[in-house]
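> Model the following, please.
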Amino acid sequence: MKAPPFAYARARSLAHAIELLAAHGDDAKLLAGGQSLMPALNMRLSSPRVLIDISRLHELAGIHVADGHVHIGALTTHAAIGESPDVRKHLPLLADAAPHIAHPAIRNSGTFGGSLAMADPAAEWPTCCVALNAQMVLASASGTRRVAARDFFQGLYTTAITPGEVLSEVIIPIPGAGCRHAFLELARRRGDYAIVGIAAIGNVTGSTLNDLRLTYLGTGDRPAYAHDTSQVFVSKGFSVLSLQQAQQHLAHELDPAADLYHSAATKLHLAHVLTERAMKQLLA
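Got it, this is the predicted structure:
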């Protein structure tokens with residue numbers, strides 16, 4: 001299929017992009033990497049009257065470390081994150097998740113901010129950002145505001161971005177010493193959307209766990225932080241008994257939907273499998 005007719009405007013700066021959004025309102029869509037938007041246009045799932053191209057706003061791209069945080073610009077590509085020495089050193093969870101995103105061509109063009117703004121519950125970056133306690137920086141004509149990742153994702157393809165706002169940057173605190181992580185997902189084929197995935201992060205001292213955050217993708221309408229499940233392992237350690245108790249909590253904290261290939265029960269079972277694998281990796 002072909003995309004419906006639309007006008008095109010290239011933003012010269014972030015301020016100009018915000019001006020264009022204000023001028024066109026709900027009739028406009030931002031174009032960054034285009035890896036999600038262009039297929040949606042061609043399939044006529046989206047029909048904006050104006051595309052505002054922000055892909056050349058270099059001010060919105062790049063990775064730098066400052067004051068105990070990693071700052072990632074919204075236009076930073078998936079590949080750049082996966083290849084960044086700073087990300088590998090300070091946020092290895094992101095480095096491990098990057099290769100799971102689609103295929104090299106998409107990772108070279110798709111952007112961090114575009115994936116987050118799309119808010120696909122089967123995508124890797126939203127789940128990682130929730131697990132890492134990331135802050136989303138939203139810019140508008142009135143200035144900027146920060147939204148915690150757990151509050152940013154509000155439903156299926158729905159975020160806290162309001163009309164006139166642009167996701168400009170993501171700020172992620174660098175985990176402390178003793179922090180370990182695991183990223184695992186299951187897909188029908190390499191590069192396909194995940195059936196189920198998990199981003200796990202926690203502080204490990206010997207066999208003691210603290211600040212454990214088990215966050216799941218593909219198990220609901222948004223990334224699912226399983227607080228009660230995480231607390232079972234924090235309070236009781238990892239054992240056959242605690243794993244059984246955690247799985248009981250997980251059944252209440254996840255709400256997977258059936259798809260063409262997998263039932264909800266199958267997805268919940270796979271979430272149990274990945275939970276066990278992630279915990280073993282954290283404590284290895």
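> State the next helix or strand along the chain beyond the one helix or strand in the chain whose mean pLDDT sits lowest.
Scoring the helices and strands of the chain by mean pLDDT, DSSP states H and E places helix 37-42 at the bottom, with a mean of 80. Following helix 37-42 in sequence order, the next helix or strand is strand 50-53 (DSSP states H and E).
> in its sheet, what does that following strand sit against?
Note on strand 50-53: by DSSP bridges, its sheet partners are strand 7-10 (parallel), strand 28-31 (parallel).
> Show me what the next helix or strand after that strand packs onto, helices and strands only.
Downstream of strand 50-53, the first helix or strand assigned by DSSP H and E is strand 63-66. Packing partners of strand 63-66 (3 or more Cβ pairs under 8 Å, 6 or more residues apart in numbering; DSSP states H and E): strand 69-73, helix 85-90. In this view, the C-beta of every residue, glycine as well, is placed from N, C-alpha and C.
> Comparing the ones you listed, which comes out most buried?
strand 69-73 (a mean of 21; mean count of other Cβ atoms under 10 Å).
> Model confidence score at Leu282, please.
Note on Leu282: pLDDT of 94.
> in which helix or strand would I find the residue nearest to the spatial centre of the chain?
What sits nearest the mean C-alpha location of the chain, by Cα atoms, centre = their mean, is Pro126, with 1.5 Å. Assigned by DSSP H and E, Pro126 falls within helix 124-131.
> Which other helices and strands does that helix contact?
Helix 124-131 packs on helix 92-97, helix 112-118, helix 149-152, strand 179-186, strand 196-205, strand 208-217, going by 3+ Cβ pairs under 8 Å, 6+ apart.
> Export these to CSV and append columns for distance to Gly25, mean pLDDT and mean neighbour count.
As requested, the helices and strands packed on helix 124-131 are exported to CSV (distance: least, Cβ to Cβ, whole Å; pLDDT from 0 to 100; neighbours: other Cβ atoms under 10 Å):
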stretch, distance to Gly25, mean pLDDT, mean neighbour count
helix 92-97, 34, 98, 22
helix 112-118, 17, 96, 24
helix 149-152, 22, 98, 20
strand 179-186, 37, 97, 20
strand 196-205, 35, 96, 23
strand 208-217, 32, 95, 21
